[in-house]
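*Asks:* Provide a 3D model corresponding to the input given below.
(3 chains)
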Amino acid sequence: MTTVLETDGLTKRFGELTAVDDVSLAIQDEGVTSIIGPNGAGKTTFYNLLTGVLEPTEGTIHLREGDDLVEITDAPTHEVARRGLSRSYQITNVFEGLTIRENLQVARISHDGRTMDLRSRAASDGPINEEVDRLLDLMGLTEMADRPCDALSHGEKRSVEIALALAIEPTVFLLDEPTAGMNSTEAREIVSLVQQLDDDLAATFVVTEHNMDVVRDVSDRIVVLAEGAVLADGTPGEVLTDERVTEAYLGSEAV
Amino acid sequence: MSTGEEGIADRIGAFGHEAVRNGWTTERFALLGLLGLVLVAFGPTFQVYLFTEFMIIALFALAFNLLYGYTGLLSFGHAMFFAGGSYGMAMVLRDLTPHVADVVGSGIAPLVTFGLGAVAGVLLVLLIAIPVGWLSVRLEEIYFALITLAFGMLVFSVIIQNPGGLTNGTDGIIVTLGITEIAGIEFRLGDRQTYYFLTAAVVLPSVYAIWRVVTSPFGTVCKAIRESPDRAAALGVDVTYHRWMTFVVSAAFVGVAGVLMAGLANVASPYHAHWTTSAIPVVATVIGGATFFAGPIVGAFVFLYVRWGISRFPALEAHWELFFGLMLIGVVLYFKQGAAGGLLMLRGWLLDVRGAYDRGGTDAAVAYARESASARLGRTGGPSETEGGERE
Amino acid sequence: MDLSVILWFVSIADIVIGLSLGSRLFLIAVGLSLIFGVLGVLNFAHGAFYMIGAYVALAVTNHLIDNFWLAVVAGALAVGVVGVLIEVGTIRPLYERAEGELDQLIVTFGFVLVIHEVVRFVWGSQPYSMDAPASLAFSVSIAGSTFSAYRLFVIGAAFVVMAGLWLFVTKTYFGALVRGTSSDREMASMLGVDVPRLYTAVFFLGSFLAGLGGALSAPLQSTSPALGDQVIIDAFIIVVIGGLGSMFGAFVGAMLVGLMQAIGPQFIAAGHIAIPFVAMVIVLLFRPEGLFGGIGE
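*Replies:* Sure thing, here's the model as predicted:
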């Protein structure tokens, strides 16, 4: 087991409010880790800190690159992504006006460091489109590759978004509420997809999730955040029977 | 419907039908376009002038749209690059012509100086665009429009200020293209017909170059940034840097248009830098359809030829801006696809009519045309965002 | 710093002229800022609105009734009505659009062209001048310089309008609605505020102020179809410097720009154009929210 992502004393304050409070976590490259917690526990802020959208008040973040853990604490979003941290969004975020194929081309162009390439043609470029075709096939999107994303269903957009995040060949893939807005059948499909991808690909999966059934099914390890701090950390069996966890959730529901 | 009209419809239908069946490809239509371009050169002098101006404004708008339609940034200061090209050209022609003549001989000096002026114009534009772009792309949306407006007007005030006598203040710099002599043959570069061909020889490759930019990996990333900057950043795209580079590329092509304008108007005028000149590509692009590559070209065509058409009617002549104002409002509110989108819809409709003709001859085609037209006219004028074919 | 050192460079006359310019600019900029602060719309046609105010006031005194004050009220009201028609007819459909802000800017720019031509059609291209009201047609001497009483009156009027707006926004129920909606539209809507109606009301108020500014300024400037294009750019500079959405910022920004325009040419010939734009660029880069943020400030 090797550590791929590590936070040390990570803290974010907005004025008086401490949204993330001294979180020290090491994510290992084996299995799927879920980060859960009641609303307002600081999950989204935690993700935004990891991906460079927000700058932490205190603490450090390190990401594995080859044999080293590289500090990415103050790196901007695009640099974090280039170093191997990819994400999906709670509210699907794809390039709506572009086709699925173009969406994936963008990710591959970025991954290959060819955003300044003016000579080639994106539509017919060999190295870019070989990988795009492979991803389309992997996600079962080949048939609809030339449809613009604003004409897709919610579930299809979710697939495009996962394909986008995978296209940059990440070390760590952060999924933000992947089953949000889905029915239980679709949610189950996502679970098996994530498990399959985790087995097949080198990427390490980290998931935030509301749906407890999904969490139980998908996770090998669960981290519970409450009021910005780590409340519990362990296997699903340990964590989901922890009294403090139940209390945190019931407490939040009572409010 | 009289039989005479049916006869004409029949004949036109049959002609188009034949042409397509006989393998009229894009290349053949392009060749036809080039032929038309040559034919225009032998029209009345004013028409030659008008078409030259159209080509220049089309390039101006097309380059502007790299930033607006493709990357999502509305600049209200692109006149600074238009003027940059004009003034670069004009200053070189004014100050260097005798020196160039000393080196290459007076025969081809005007042509060589023009070439130098063009290079100087684009270099001057890059000199402005690199720092101005670097600063401006830090802002988005309305704020980007405002800061480019401010930079544009700063350039305007520098021109008016006339630093070191370089820009000749409010009068601008007169541009004289001179008489070139090659192998005993004299020709005036400023001759309308000569300048027309020169403009076409610069604009056509520039349009192709911009087409290559938008279809390149670079251009694909531009479109992604337009759709969702944060998603692009999360895939590793340095959004600010990419916007900066797009800004510079866009400015350079606007500079080329400015260079050509100096030669056509025979003056580099401070008006070229004024914000009202920045509004020209905005109007042309929006009316033409910012989401299409050809939109700005169609818009520039509408802009110049509708203005010319209106000038045929003395009562309306002074009020052509009214028409463009109303068109701008109408397009933004009801038809974001603009004129280019309209043309594509027309093409789709004509193809449908042809389909009907194939199935049931003229009667069926006319019946289809009448039905679909009345269905469309009967509909309320709501937004038709989803119709009209591919987006670029 | 010793005041006399400044006065060695700048005369009292320049300062009064600057404040007078600033007062007229304030009356157009404050409505622009108010509309942006609440609706998020940058109204390119606001300068054209100001121009309509001047023309309507001229038309009323020339053709209807020779009463300056009635003409001013008529100018302001006419522009308010024009504003409401434009907002309801063409801007309201754009609030929900993804890239609505830029679309609104372009639509209102369309109205710049339309209003310019309509004005030219109705009144022609020649400049008009208007007499100050008889009650203020005398001169005042300050520190050795002579000013028309009307010029000083307009400066006073700008202060009164600023104070009135401040009281209106901070002390009245409508003002509370305006402040609430400008900070959180969704929340205001959920709390039962009729947001579309409020937007129209604010657009009316902003347009009314532009018309008022135009009408009050008519005796101080020549009124021609180019007027709108001139003042809108100044107004943009002011609201950026003061802070888009801030009324107090519009006041300070207007006075600063007025002074820059009055004093600048003594140092650089094109200074009256260049200096305000330099200030605008600096503010946009280092403090894009402007010197003063927030509607109530």
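
*Asks:* which element follows the worst-scoring helix or strand of chain C on mean pLDDT toward the C-terminus?
*Replies:* Every helix and strand of chain C was ranked by mean pLDDT, DSSP states H and E. The lowest is helix C:3-9, at a mean of 57. Downstream of helix C:3-9, the first helix or strand assigned by DSSP states H and E is helix C:12-39.

*Asks:* tell me how far that following helix is from the chain's mean position?
*Replies:* 5 Å (C-alpha atoms, centre = their mean, to the nearest Å).

*Asks:* what do you get for stretch B:275-283?
*Replies:* On the basis of C-alpha atoms, centre = their mean, stretch B:275-283 sits 12 Å off its chain's mean C-alpha point.

*Asks:* one more: stretch B:346-364?
*Replies:* Relative to its parent chain, stretch B:346-364 has a centroid offset of 33 Å by C-alpha atoms, centre = their mean.

*Asks:* do the same with stretch A:186-197
*Replies:* Centroid displacement of stretch A:186-197 relative to its chain, using C-alpha atoms, centre = their mean, is 14 Å.

*Asks:* helix, strand or coil for the closest residue to chain C within chain A?
*Replies:* Chain A approaches chain C most closely through A:Glu96 (8.7 Å), counting by C-beta to the nearest C-beta. Where you see a C-beta, it was placed from the backbone N, CA and C, and this is true even at glycine. Here A:Glu96 is coil, with the state taken from DSSP: H, G, I helix; E, B strand; the rest coil.

*Asks:* run through the bridge partners of the most centrally placed residue in chain A.
*Replies:* Central residue of chain A (C-alpha atoms, centre = their mean): A:Leu174, 1.5 Å from the mean position. Using DSSP bridges, the bridge partners assigned to A:Leu174 are A:Arg87, A:Val206.

*Asks:* tell me how far it lies from B:Asp230.
*Replies:* 14 Å (C-beta to C-beta, to the nearest Å).

*Asks:* and A:Ala203, by the same measure?
*Replies:* For A:Ala203, the distance to B:Asp230 equals 21 Å [C-beta to C-beta].

*Asks:* cool, and B:Leu35?
*Replies:* B:Leu35 is 48 Å from B:Asp230, by C-beta to C-beta.

*Asks:* quick check: residues of chain B near chain C?
*Replies:* B:72, B:74, B:135, B:138-139, B:141-143, B:145-147, B:149-151, B:153-154, B:156-158, B:160-162, B:275-276, B:279, B:282, B:286, B:318-319, B:321-322, B:324-329, B:332-333 (C-beta under 8 Å from any C-beta of the partner chain).

*Asks:* SS state for the residue at the greatest distance from the centre of chain A?
*Replies:* Note on chain A: the largest C-alpha distance from the chain mean falls to A:Arg119, namely 33.2 Å (C-alpha atoms, centre = their mean). Secondary structure, three-state DSSP: A:Arg119 is coil.

*Asks:* who touches it in this structure?
*Replies:* B:Arg212, B:Ser216 (C-beta atoms under 8 Å, 6 or more residues apart in numbering or on different chains).

*Asks:* next, give phi and psi for it.
*Replies:* Recorded main-chain torsions at A:Arg119 are phi -90, psi -40, according to degrees, to the nearest 10.

*Asks:* all strands of the stretch 51-200 of chain A, in order?
*Replies:* With strands called from DSSP state E, counting those that start in this stretch, the stretch 51-200 of chain A shows them at A:58-65, A:68-71, A:85-87, A:172-176.

*Asks:* give me the below-cutoff pLDDT ranges for chain C.
*Replies:* C:1-10, C:143, C:266-272, C:293-297 (pLDDT under 70).

*Asks:* nearest to chain B: which residue in it?
*Replies:* The minimum distance from chain C to chain B, using C-beta to the nearest C-beta, falls at C:Leu113 (3.1 Å).

*Asks:* tell me which helix or strand comes right after the helix or strand containing that residue.
*Replies:* Assigned by DSSP H and E, C:Leu113 falls within helix C:100-123. Remark: after helix C:100-123, the chain's next helix or strand is strand C:139-142, criterion DSSP H and E.

*Asks:* okay, now the sheet partners of that following strand, with direction.
*Replies:* For strand C:139-142, the paired strands and their directions (DSSP bridges) are strand C:145-148 (antiparallel).

*Asks:* buried stuff in the partner strand?
*Replies:* C:Phe147, C:Ser148 (16 or more other C-beta atoms under 10 Å in any protein chain shown).

*Asks:* packing partners of the helix or strand just after that strand?
*Replies:* Moving toward the C-terminus from strand C:145-148, the next helix or strand (DSSP H and E) is helix C:149-171. Helix C:149-171 is packed against helix C:12-39, strand C:139-142, helix C:173-183, helix C:195-217, helix C:247-263, with contacts defined by 3 or more C-beta pairs under 8 Å, 6 or more residues apart in numbering or on different chains; DSSP states H and E.

*Asks:* quick one: which of those is nearest B:Phe51?
*Replies:* Among those, the nearest to B:Phe51 by C-beta to C-beta is helix C:12-39 (40.4 Å).

*Asks:* and the angle from the closest one to helix C:247-263?
*Replies:* 150 degrees (axes from the mean of the first three to the mean of the last three C-alpha atoms, to 10 degrees).

*Asks:* count of neighbours near the closest residue to C:Arg185 other than its chain neighbours?
*Replies:* Closest residue to C:Arg185 apart from its sequence neighbours, by C-beta to C-beta, 6 or more residues apart in numbering or on different chains: C:Val195 at 6.2 Å. Using other C-beta atoms under 10 Å in any protein chain shown, the number of residues around C:Val195 comes to 17.

*Asks:* one more: A:Asp74?
*Replies:* A:Asp74 has 11 neighbouring residues, counting by other C-beta under 10 Å.

*Asks:* give the contact list for C:Leu167.
*Replies:* C:Leu167 neighbours (C-beta under 8 Å, 6+ apart): none.

*Asks:* where's it relative to B:Leu126, distance?
*Replies:* Taking C-beta to C-beta, one finds C:Leu167 at 53 Å from B:Leu126.

*Asks:* repeat for B:Val119
*Replies:* Using C-beta to C-beta, one obtains 11 Å as the distance from B:Val119 to B:Leu126.

*Asks:* repeat for B:Arg312
*Replies:* Between B:Arg312 and B:Leu126 the computed distance is 41 Å (C-beta to C-beta).

*Asks:* higher neighbour count, the two?
*Replies:* Shown here are B:Arg312 and B:Leu126; by other C-beta under 10 Å, B:Leu126 has more neighbours (16 against 8).

*Asks:* more crowded one of A:Ala203 and B:Asp230?
*Replies:* A:Ala203 (19 against 14).

*Asks:* wait, doesn't the more buried one sit right on A:Leu197?
*Replies:* Yes. Counting by C-beta atoms under 8 Å, A:Leu197 is a contact partner of A:Ala203 at 7.3 Å.

*Asks:* which neighbours do those two share?
*Replies:* If you check A:Ala203 and A:Leu197 against C-beta under 8 Å, 6+ apart, the residues they both contact are A:Leu166.

*Asks:* what about the helices in chain A?
*Replies:* Applying DSSP state H to chain A gives helices spanning A:43-50, A:77-83, A:100-111, A:126-138, A:154-167, A:184-200, A:212-218, A:236-240, A:243-254.

*Asks:* looking at those, which is buried most?
*Replies:* Of these, the one with the most neighbours on average (mean count of other C-beta atoms under 10 Å in any protein chain shown) is helix A:100-111, at a mean of 26.

*Asks:* quick check: angle from it to helix A:126-138?
*Replies:* 130 degrees.

*Asks:* what is the rounded mean pLDDT of helix A:100-111?
*Replies:* For helix A:100-111, the mean per-residue pLDDT is 91.

*Asks:* try stretch B:242-252
*Replies:* On average, stretch B:242-252 scores 96.

*Asks:* list the contacts of it.
*Replies:* The set of residues that contact stretch B:242-252 without belonging to it, under C-beta under 8 Å, 6+ apart, is A:115-116, B:63-64, B:66-67, B:70-71, B:73, B:75, B:78, B:81, B:84, B:122, B:125-126, B:128-130, B:132-134, B:136-137, B:213, B:218, B:221-222, B:225, B:232.
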